[in-house]
Structure formats: C-alpha cells, structure tokens
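>>> build me a structure from this.
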Amino acid sequence: MKQRLTFVLLLIQTALLAQDAGMKDSVHIIRQFEIYGIRNPEQNPGLLNVKLNTAEAGNSAFSLAELMSRNSTAFIKQYGQGALSSPSLRGTGAAHTALVWNGINLQSNMNGQQDLSLFPAMLFDAFRIQEGSSNSAWGSGAIGGTIFLESNAINKSHIRIGSNEGSFGLSQQFADLAYSGNKISIRTRAFRTFSLNNFTFEDISLPSKPLKHQHNSKINMYGIMQDIGIKTGKFSKLDFSVWVQQASRQLPPILTVPVSVAQQFDKTIRANARYQYIKNNSGLKINLAVLDDYIHYQDSLLWQDSHNKSRSYIAEISYNLEINHNHKVEIGHLYTLSEAKADGYSGSKHTQNRPAFFGNLSSHFFNNKTNTLLSLRQELLNGKALQPQVSLAASHIITNFIKVRTQIATTYRIPTLNDLYWVPGGNPNLQPEQGISAEMGADLNLKTLNEKLIINVKPGIFYNKISNWIQWSPSACYWTPMNLQNVGSLGYELRTEINYHFSQKQSIALIIHAQHVNSEILKNDHSPDLQGKQLIYVPGETASCNLNYRVNKTSVLINYNFISERFVTTNNSEFLPAYHLININISQEILSDAVRAKTFFGINNITNHIYQVVLRRPMPMRNWQAGIQFEF
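Here you go, the predicted structure:
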C-alpha cells in the first residue's frame, strides 16, 4: 500500500510539472516569506555556523554523519560503516546536540540523541552546524551545539533524479520533484540506499593481523518527504511536511566475537504543519508536529527480541514585533508531550509533559556596528519548574575587516525516559544537568590583489561547565544512571578560508577547521581518583581540510581529516590511536538548454589507512563512489 501511495504522489506531481512546463507565456512564482524568527541560526551574533551544501557533486551520496566528519571539527562516534553514528561537539556528549527540522527539535525522548547515519543528504538542500549553547532557543540538550536540517523555499519547478554506486555493493537512487504555482507549491523527495557493506579490514585483535570481510552488515534504507506550501492570503502562508523513513540493518560483530546475527529495524514518521502571518512589522507563527519512532531489535543468539515505541506531540505559537529599526522582540509558548513504551520499561508507558515559555530581544546599536541578542526560557517538567535559561550574545564591528563576538549562557539537560525508567537500572530521582557556557571569538576578513585573494580567519575560545552530569555506572547487579560528576571543557578553535580567483572560470579554495579541547572530569562522587581525567571518546584535537580547485565546470576536491587519540576507559589507561584520512573527489557539470547534469567520482581513504573510531569496530579501507544527477 505504501509503495502505491508513493507512486501516486510522484505521478500527480509529474503531471503538475508537465502542465507547468506547457505554460510558456505565463510563469507564476509563489510569494516568498522572509524568515522572521529570531531563532534562525544566522540571527545569533555571538555564534558561528558552518553550512554544508548537499548539492555539491558527491555530497548527495553521504549521510549527515559523513558530511560532518569531513567538513567540521565535530567528532562523529561511528560504530562501523553505516552503523550508529552520534556527534560530539566541543567535548560534550551525543545527548548534548540538538537536531532541528522545520523549527522542531528531533532529539529522542528515550535516549536524548539521534543516529546521524539515518539522515541522508539526498533529502535536504543543506545542513547547518552551529557550535555553542542554544538551550534558551531549542530547550533541553542544546549544550554543545545545534544541527539544522534545511530545505530551500520552492521558487521554480524542477525535476532532479540521480543514482550513485560504490564499493561493497553500494547502490543509491533518489528523486526530487518540485512544482511552484501562483497559490501552491509541492515538493516530493524520495531515496533508496542499499549496501552489502562487506568491506575488507585488517583484524588487529589477532597477532597475525589477517584480512577479513565484514559479515552480517547489510543495509537497506528508503524514505520519502512530502512538502506542500499554500498561499492562504496576501500576508499568510500554510506549510505541510510529512517525512516517512525506514531502515533495516544487520549489526556486525565486534572483532573479538566470531559471529553475529543481530539486526535492527528503524521506522520514523514525522508530520509537521506551519502557519505564518507576516504584515508590516509583526508576525505570528504556529508550528505543530507529531514525531513517531519505532525500533525493533533482534538477536536470536542472545534470545533478544525488543520493541521500542516513542511519540512526541509538539505545539508552538510565537509572535514577533519589530519595535523600531533597532529592536525586534519575539515571545512564544511551546508545549511538548512525550510518551514511550518499550520492553526495557517492562512494557509500561511513560510520559513527560514539558511546557516552555521563551522570549528574545534582538537589538542594534551604533549604526548597526553592535548587535545583541538576549534570550530567556522557562521550562517545566511534569509541573516542576526547571532552572530558568538565559543567554546574551553580542558582536561588534571594530573595522571593515575585524569583528569580535561573544556569548554567555546557562545550560541544562533533563533526564531522558531511559535514564528514568529503564528496567533494570532506571533512576527516577535523577536531577537535570545544569551548567554555564561562555565563548569569545573574532572574524578577520581580508581582500588583496585587486580582490582576487580573499582570506577569512575566525579564531575562538570556549568554555563549558556541566554539573550533575548523568553517567551510567555499575551497581551491585546492573548499570544505573546517577548524577555522579561535574565536567568542564575548555578549548579553542580556528576556521580559515582562503579563496584565490585566477579568472572568472578558474579558482582555488582552501578551507581549514581545527579544534583543541580538554573535556575533563572536575568531580566524580563515585570515583574521586577520576578527577582531571579526559572523557572517553572525546579527542583532544580534531581537524578537517578541504582543497578545491575549479576550472570551468570541472572540480577537484582533496579532503583531509585528523582525529587524535581517544581514551576508551574512564581512568584513561587505554586509548585508540590517532588517525588520518585522505579522500579525493572529481566532479564535472554539464549544461544544456534543457538539462543540467552533474557527475562525480571519489576515492575514500586513499592511503588505505587502518583505523577504528570505536574500539573493536573496524572501518573500511580504500573504497570508491561514483554517481550522476540530472536536473530538468
């Protein structure tokens, strides 16, 4: 039935596109609405953000996890190719990163995080990474940073189709169909990914280090996203989005286990409706969403067969008012009802009621040289008020090429349903994590050689301190979460972009992201001797470098990644060695009057480096990917 529905949607939209193509004498473009919300990542003057464009040739073949690891300082903790991938931003944990889609935080109410390998680049126009605390904007868990899943407004009709192939039986297909009329816009995006994932690796757990093939590692994933925009009036617009996706993955064994038959099935349904009315200097927004997640895990060897179901209902209303040219205010109310039923809860259903009130004041001073953003948030959990959240961000332009920026903010994260109710081990007496975040940086923009050479340098320093850090630790018979420790992370980062234009058709660009962070235990009530130890799986140094040479419609990209050693024990007695990865991608764009085509060929891990991101989880050696995309 689902396949038939998908086919009908695609058929209807193709017919609409064909009808629009025949109307050569009358082109209608739906009126665009400006993003009015102060919580837009580009509106924060104290934080920087990195935009990852998925339209670049080759990027469509990757997941969000792979793109972030190649183009940012984020450390992606990967349990193998295509397996669970979770982010660590600025030395924090996976549950400290918010994931925002259409203004909705997608963090799981069960474990507080999302598997980034399940977010394909093919479904989005861009990903945006904003490092730094955004708790006052997005609520619990937005401590290390926020990832935004972005889709562009539909301003013209198009048909995009593409296919990617690669090593280990990789096969991907995707379609992007859009129609833009005078009153309505429709966009349908669909994808399928299949991989045997039977890569060769060196088994370093054995003295002879033999070459082996990964087994029980097949991946089959597909999904569809439907967006509909309706212009309901001169100043109003109504948008609907539905995103359905499922994945079947076999889970390979670790190096010290000879065989595995474990497998996992993930299914998500996300529905969202947005209304906005913008007139003159004010705007009203209403955002409604339902998030439904289902996970089925099976392992016949261990006699495990578990079902996890969770659902969140979200309703938000906000009002924006431009008081004058220099001041804009936003106030709003957000209500979230989360519920989950899992075998790990002994079959019981548990809920969380989380109403929140927020307000923002954006101001400009000294002829727009100084920008500030004051944000406040008060959230309640099951009727109990949490610590109020406040942040103040500011930037100031000193000269035409020097700008300084800063932010100070309080932070928090509430315990997840797994933390509270998992059987055995859940601890209903857990307190929310609380802390403070501060950072400072500068933006240096230089243009020389008749503006042929452009240099952007953005250094920064940051500090996070989190109290009541929730840690799962062994008790008498099982593991249980406790507010055991305080954690502090101090670091500095450098982002550099150098562009040189030989001519209008020839250029070279170098983009470097580098970060150093000490994320250590300040206090641990259970084990005082751990004070001063680095958190496990938090590298001290991360770096990515992209060198891109373009001539006419041809591009050659060399990508380099470095991840320093990571401790795998809390007492820092064991660690995984650092690793370096080099990837190369060659792309070609072909233009004609009716069709635009992009092709690419890439080699990953070109030096055939042997490495592990997570202990005893092998990663692929040298491999290739190639693809082609057409746009009509």
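>>> which pLDDT value does the model give the residue lying closest to Tyr345 once chain neighbours are set aside?
Distances taken as C-beta to C-beta, 6 or more residues apart in numbering put Tyr421 closest to Tyr345, at 5.1 Å, once the chain neighbours are dropped. Every residue, glycine included, has its C-beta placed from N, CA and C. At Tyr421, the model reports a pLDDT of 94.
>>> tell me how far Tyr421 lies from Arg311.
16 Å (C-beta to C-beta, to the nearest Å).
>>> out of those two, which sits in the busier spot?
Tyr421 (21 against 18; other C-beta atoms under 10 Å).
>>> toward the C-terminus, what is the element adjacent to whichever strand or helix holds Trp469?
Here Trp469 sits within strand 453-474, counting by DSSP states H and E. Using DSSP H and E, the helix or strand that follows strand 453-474 in sequence is strand 479-503.
>>> how about low-confidence regions in the stretch 101-250 of the chain?
Scanning the stretch 101-250 of the chain for pLDDT under 70 picks out no residues.
>>> immediately after the lowest-mean-pLDDT helix or strand in the chain, which helix or strand?
The helix or strand of the chain with the lowest confidence, counting by mean pLDDT, DSSP states H and E, is helix 2-21 at a mean of 39. Once helix 2-21 ends, the next helix or strand along the chain (criterion: DSSP H and E) is strand 49-53.
>>> what lines up beside that following strand in the sheet?
strand 126-131 (antiparallel) (DSSP bridges).
>>> run the chain-centre distance for the partner strand.
7 Å (C-alpha atoms, centre = their mean, to the nearest Å).
>>> following that strand, which helix or strand shows up next?
Trace forward from strand 126-131 with DSSP H and E and the next one is helix 135-138.
>>> find the residue at the geometric middle of this protein.
Ile147 (3.9 Å; C-alpha atoms, centre = their mean).
>>> now it: how far from Ala98?
Separation of Ile147 from Ala98 (C-beta to C-beta): 7 Å.
>>> equivalent analysis for Lys458, please.
Counting by C-beta to C-beta, the gap from Lys458 to Ala98 is 22 Å.
>>> what does Ser108 give?
The gap separating Ser108 from Ala98 is 12 Å, by C-beta to C-beta.
>>> also Asn281?
Look at Asn281 and Ala98: by C-beta to C-beta, they are 29 Å apart.
>>> neighbour count: the two, which is higher?
Comparing Asn281 with Ala98 by other C-beta under 10 Å, the one with more neighbours is Ala98, at 25 against 13.
>>> other SSEs contacting the host helix or strand of Trp624?
Here Trp624, judged by DSSP H and E, is contained in strand 623-631. For strand 623-631, the elements it packs on are strand 158-166, strand 596-604, judged by 3 or more C-beta pairs under 8 Å, 6 or more residues apart in numbering; DSSP states H and E.
>>> make CSV from the ones you listed and add mean neighbour count and distance to Arg617 to it.
Output for the helices and strands packed on strand 623-631, formatted as CSV (neighbours: other C-beta atoms under 10 Å; distance: least, C-beta to C-beta, whole Å):
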stretch, mean neighbour count, distance to Arg617
strand 158-166, 18, 20
strand 596-604, 19, 17
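>>> out of these, the one nearest Asn326 is which?
strand 158-166 (39.6 Å; C-beta to C-beta).
>>> that closest one to strand 596-604, inter-axis angle?
Relative orientation of strand 158-166 and strand 596-604, computed by axes from the mean of the first three to the mean of the last three C-alpha atoms, to 10 degrees: 20 degrees.
>>> wait, a helix at Ile536?
No: under DSSP: H, G, I helix; E, B strand; the rest coil, Ile536 falls outside any helix and is assigned coil.
>>> please name the nearest non-neighbouring residue to it.
Ile536 sits nearest to Phe567 (C-beta to C-beta, 6+ apart), 5.2 Å away.
>>> which residues touch the one you found?
533-538, 574-575 (C-beta atoms under 8 Å, 6 or more residues apart in numbering).
>>> what do you get if the cut-off is 7 Å, keeping everything else the same?
Phe567 makes contact with 534, 536, 574-575, according to C-beta atoms under 7 Å, 6 or more residues apart in numbering.
>>> same check, this time on Leu557
Leu557 touches 546, 548, 584-585, counting by C-beta under 7 Å, 6+ apart.
>>> ditto for Glu150
Per C-beta under 7 Å, 6+ apart, neighbours of Glu150: 124-128.
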